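Chemist: sequence plus predicted model, see below.
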Amino acid sequence: MQLSTRTPARLRMDLLAAASAAVLVAVAFAVPRLAGEEFRRTLYAGSAPIFGIWLPHIGWGTGPAILIAVLVVRYGPEFAARQPWSRLPGLAYVTSLGWTFALAMVDGWQRGFVGRLLDRNEYLREVGGVTDIPAMLRGFSGRILDFQPDSWTTHVSGHPPGALLFFVLLDRVGPGGGAWAGAACMFLGCSVVPAILVALHALGVEHRARAALPYLVLAPAAIWIAVSADAVFAGVTAWALALLARATRESAWGTTAVGAGVLFGLGVYLNYGLILMAIPALILLCARRAVWPLLPMLAGALAVAAVFTMAGFWWLDGYHLVVQRYYQGIASERPFSYWWWGNLAAAVCAVGAAAIGGVPRALSPKMLRALDPAALLVAGCLVAILVADASGLSKAETERIWLPFTVWIIVAAGFLPRRAARAWLAVQAVGALALVHLLLTNW
C-alpha cells in the first residue's frame, strides 16, 4: 500500500520537473521574439537561447535519424537490460555515432559537417600559421587580446593553447581539412557514452548504467557533438572521470589514478572552464569513500601543467587575459539579465526532457544519503554548471560550452521507472529532432 501511494507522487514530480523545464525553454525562446529589435540584437543569437538561426529544413540525415530514434525507443531499454555487459559500451558507442552523424546530415555534408570548423572564428583558420609549436606556446598569451595585428581568432584566444595544439597535431598526422577535424571531434565526443558507462560500472552501479544507456545514445547533445571542439573536451574529461572511478577500486598509487590526473590536466589546458571538473571528481571520491587516488591524480595533472609552463605558457596569465578579451567582444553587450537563465534553458535543450524529469529522483534525499555514485555525479555536474553560470563568463552558447558537464546530467534519466522508459525516450528523441529540423545551429 505504501508503494502504491508513493509512486503517483513520484510520477507527478517527474512530470512537474520536465514541464517546468519545458516552460523555461519556451519562455527563453519567446522573450526575444516578443522583445524589441534592439534587445534581440544585443543577444547575438538569432535563435536565442540556442546559438543559431531559425530555419525549418530537412536533409538526407532526416530519415536515418528518425529510424535510429524509433529503434532505440522501441528496443533500447530491453536491449540494454539484457545484453552481456562486455558488449554494451561498444554497441552504445556505435549507435551514438550513427545518431550524431545522422543529426549532422540533416544540415547536409558541407553545411552540417565539413564547413563547421572552417568558420573564420574557428581553430582551423590558425592551424596553417603554426609552423613552430614551441614558439606558438611561448607567444600564445601575447596574442590573446583583440585589436592587435596578430590577435588570435575568437575560439583560439578564448581557450588555453591545448585546444589549438590538438588541431595542429591532428593536421600533422592526417589529411587535414574540415572533414578530418570534424570526424575527430565526433569520434572523440561520442566516446563520452562508453566512458560514462565504464565509470558507472566501476562505481558499482551497473544497473544505473544500463538504465541510462538509451538516453545517452539519443542525447540531444549530439547536435553539438557533431561538430565542435567542445565535444573533444567532453570526451577527454569523461574518460578522466572514468579512469578515476576505476582507480578507486585499485591499490594505492595505481597508474590509473595518474592517468586520470593527466586527462584532467589536459582538460584544463583545453578549456579554462574545465577547472570546474574538480567538483564532480571530488564528489566521485567522496561517493567511493576513497581519498588515496587524490594524490596520484594531482601528480598526473601537475605533470601536464609543468610541461605547458616550461614550454612558456602560464595558465593564470592566459585566464586573466581571456577575461579581458571576453569583454572586448560581444559579451560586453549580451545582457546577463537574459542569459543567466537563458543559459540554463540552452542546457535543458542539450540534456533533454527525460534527464530533467529524472533529476528529482536522482537528487532525492534517499539517493544522496545513500551516496549513490550516479546521483552524486549528476549533482556535482549540476553544481559546476551553476558556478559557471554565476561567473558571467558563459553568456550564450552553453548548449555547446557546457557539454563536458551536461552529458553526465543525462544519467539522471536512468533513475526514471523502467516501465515508462519508452515514453520518456520518445520525448527525448522528438525534442532533439525538433531542434535540429527547426534551427540551423552554428556548431
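Modeler: Structure received. Residues are numbered from 1 along each chain as shown.
Chemist: ok, which stretches of this structure are strands?
Modeler: Listed in chain order, the strands of the chain (DSSP state E) span 52-54, 439-441.
Chemist: which of these sits most buried?
Modeler: Most buried of those by mean neighbour count (mean count of other Cβ atoms under 10 Å) is strand 439-441; its value is a mean of 21. All C-beta atoms are positioned from the backbone trio N, CA, C, and that covers glycine.
Chemist: so which elements touch that strand?
Modeler: The contact analysis (3 or more Cβ pairs under 8 Å, 6 or more residues apart in numbering; DSSP states H and E) places strand 439-441 against strand 52-54.
Chemist: can you name every helix or strand that the strand it packs on contacts?
Modeler: Checking 3+ Cβ pairs under 8 Å, 6+ apart, strand 52-54 ends up next to strand 439-441.
Chemist: so what strands line up beside the strand it packs on?
Modeler: Applying DSSP bridges, strand 439-441 is found paired with strand 52-54 (antiparallel).
Chemist: need the helix or strand of this protein with the lowest average pLDDT.
Modeler: When the helices and strands of the chain are scored by mean pLDDT, DSSP states H and E, helix 2-34 comes last with a mean of 84.
Chemist: reformat the strands of the chain as JSON lines; add distance to Asp132 and mean pLDDT.
Modeler: Below are the strands of the chain laid out as JSON lines (distance: least, Cβ to Cβ, whole Å; pLDDT from 0 to 100):
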{"stretch": "strand 52-54", "distance to Asp132": "37", "mean pLDDT": "96"}
{"stretch": "strand 439-441", "distance to Asp132": "35", "mean pLDDT": "96"}
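Chemist: turn those into CSV, including distance to Arg288.
Modeler: Converted to CSV, the strands of the chain look like this (distance: least, Cβ to Cβ, whole Å):
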stretch, distance to Arg288
strand 52-54, 40
strand 439-441, 37
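Chemist: Ala242: which of those strands is closest?
Modeler: Closest approach to Ala242 among the strands of the chain is made by strand 439-441 (27.9 Å; Cβ to Cβ).
Chemist: what's the least confident helix or strand of the chain packed up against?
Modeler: When contacts are defined as 3+ Cβ pairs under 8 Å, 6+ apart, helix 2-34 packs onto helix 37-43, helix 336-351, helix 353-362.
Chemist: picking up where we left off before, which stretch among the strands of the chain comes nearest Leu124?
Modeler: Comparing the strands of the chain by Cβ to Cβ, strand 439-441 comes nearest, at 18.3 Å.
Chemist: low-confidence ranges in the stretch 51-200 of the chain?
Modeler: Nowhere does the stretch 51-200 of the chain drop to pLDDT under 70.
Chemist: what ranges do the helices span in it?
Modeler: With DSSP state H, counting those that start in this stretch as the criterion, the stretch 51-200 of the chain has helices at 62-82, 88-106, 109, 124-127, 133-138, 154-157, 161-173, 177-190, 192-202.
Chemist: for the fifth one, buried residues please.
Modeler: For helix 133-138, the neighbour count (16 or more other Cβ atoms under 10 Å) marks Met136, Leu137 as buried.
Chemist: which residues sit against that helix?
Modeler: Val130, Pro161, Leu164, Leu165, Val168, Phe308, Ala311, Gly312, Phe313 (Cβ atoms under 8 Å, 6 or more residues apart in numbering).
Chemist: same thing with the fourth one?
Modeler: With Cβ under 8 Å, 6+ apart as the test, helix 124-127 has contacts from 117-119, 152-153, 156, 164, 167-168, 171, 176-178, 181.
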